Structure formats: C-alpha cells, structure tokens
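Participant: sequence plus predicted model, see below.
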Amino acid sequence: MAHPKSRVSKARKHKRRTHKKLSTPNVAICPTTGEPHLWHRAYWHEGNMYYKGQLVIKAEEALEE
C-alpha cells in the first residue's frame, strides 16, 4: 500500500487547494418573460415552462365547474 514518506503540513495542503472553489452561476434574463434563470436550462414561470424564450409546456387552465 502507498504511504507518504512524510506528513504534509496544513499550510502546504491548503496552498495546493486554493484554486478549488465555487464560482457564481451565470444568470440570464429571458427576453419574453423578464425572469432570471440559469443559462441552457428550462424554467417555470406562472405555470408555463420556457426555454430560450419559447413556450415549451403551456399551463393547464383551471377547470371551473
């Protein structure tokens, strides 16, 4: 089994991992609805699903009896 010859200090370990961090997601504004959403993702707005500003799934109207 592999064993390190010597212990890696906390400072050295943390220096190596400085580039590993989360980045903020890119948010786009829909030209049709004006809603902010993630790029390349479909999103719901008032019961309808939109993708690239186009209506993909229309909301079902409430049936009145």
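Facilitator: Yep, it's here. Numbering: from 1, shown residues only.
Participant: got any ranges where the protein has weak pLDDT?
Facilitator: 61-65 (pLDDT under 70).
Participant: and the helices in it?
Facilitator: Assigned by DSSP state H, the chain shows helices spanning 10-16.
Participant: tally of neighbours for Tyr50?
Facilitator: Counted with other CB atoms under 10 Å, residues neighbouring Tyr50 total 19. For glycine as for every other residue, the C-beta is placed from the backbone atoms N, C-alpha and C.
Participant: actually Lys20, not the one I wrote
Facilitator: Neighbours of Lys20 using other CB under 10 Å come to 6.
Participant: quick one: contacts for it?
Facilitator: Lys20 makes no contacts at all, as judged by CB atoms under 8 Å, 6 or more residues apart in numbering.
Participant: quickly note the distance from it to Lys13.
Facilitator: 11 Å (CB to CB, to the nearest Å).
Participant: what do you get for Val27?
Facilitator: Taken as CB to CB, the span from Val27 to Lys13 is 33 Å.
Participant: what's the answer for Thr32, then?
Facilitator: Here the criterion is CB to CB. By it, Thr32 lies 48 Å from Lys13.
Participant: which outside residues touch stretch 26-33?
Facilitator: By CB under 8 Å, 6+ apart, stretch 26-33 touches 35-39, 43, 45, 50, 53-55.
Participant: and of those, the nearest to Val8?
Facilitator: Lowest distance from Val8 to the contacts of stretch 26-33 (CB to CB) belongs to Leu38, with 37.2 Å.
Participant: list the beta-bridge partners for the closest one.
Facilitator: Beta bridges link Leu38 to Val27, judged by DSSP bridges.
Participant: list the contacts for it?
Facilitator: Leu38 neighbours (CB under 8 Å, 6+ apart): 25-28.
Participant: show the buried residues in those.
Facilitator: Using 16 or more other CB atoms under 10 Å as the burial test, the contacts of Leu38 include no buried residue.
Participant: turn these into CSV, columns for distance to Ala2.
Facilitator: As requested, the contacts of Leu38 are exported to CSV (distance: CB to CB, whole Å):
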residue, distance to Ala2
Pro25, 37
Asn26, 40
Val27, 44
Ala28, 46
